[in-house]
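Chemist: got a predicted model here, sequence first, then my questions.
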Amino acid sequence: GASGEPVAEGWVPQAVAKRVSLCRVIVDWPAEGSGTLGLNKGDLIAVSREAERGWVYGERISPPRPELPADGWLPKKVLEYILM
């Protein structure tokens, strides 16, 4: 409206949207220290960044594991890309 408040909904340029790839974990991988994401086979991960040497940054989508970190670095080799 004219009240000067930002609009809460509307179209966004694609470049601004967070590009993620949906991946399934194909093998258990325990976290290797702080900043890494421990995984169980079958977890669904949204990968948002790729780094050098085969590492990616991802966020666990399911199942929820409140006792574990929700996001972190993990090796790309333990993932199967479902949706790019």
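Modeler: Yep, that arrived.
Chemist: contact partners for Ser48?
Modeler: Taking CB atoms under 8 Å, 6 or more residues apart in numbering, we find Ser48 in contact with Lys18, Arg19, Val20, Tyr57, Gly58, Glu59. Every residue, glycine included, has its C-beta placed from N, CA and C.
Chemist: hmm, which of those residues is lowest in pLDDT?
Modeler: On pLDDT alone, Lys18 ranks lowest of the contacts of Ser48, at 70.
Chemist: element containing the closest residue to that one other than its chain neighbours, please.
Modeler: Nearest residue to Lys18 in three dimensions, chain neighbours excluded: Ser48, at 6.1 Å (CB to CB, 6 or more residues apart in numbering). Take DSSP states H and E as the rule and Ser48 turns out to sit in strand 44-50.
Chemist: doesn't Lys77 lie inside a strand?
Modeler: No. Read with DSSP: H, G, I helix; E, B strand; the rest coil, Lys77 is helix and lies in no strand.
Chemist: excluding its backbone neighbours, what's nearest it?
Modeler: That would be Gly54: by CB to CB, 6+ apart, it lies 6.2 Å from Lys77.
Chemist: returning to that earlier point: is it possible to export the contacts of Ser48 to a markdown table including distance to Gly33, neighbour count and secondary structure?
Modeler: Supplementary listing: the contacts of Ser48 in a markdown table, determined by distance: CB to CB, whole Å; neighbours: other CB atoms under 10 Å; DSSP: H, G, I helix; E, B strand; the rest coil:
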| residue | distance to Gly33 | neighbour count | secondary structure |
| --- | --- | --- | --- |
| Lys18 | 26 | 7 | coil |
| Arg19 | 27 | 10 | coil |
| Val20 | 24 | 16 | coil |
| Tyr57 | 15 | 17 | strand |
| Gly58 | 16 | 27 | strand |
| Glu59 | 18 | 15 | strand |
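Chemist: out of those, who's nearest Asn40?
Modeler: Gly58 (13.4 Å; CB to CB).
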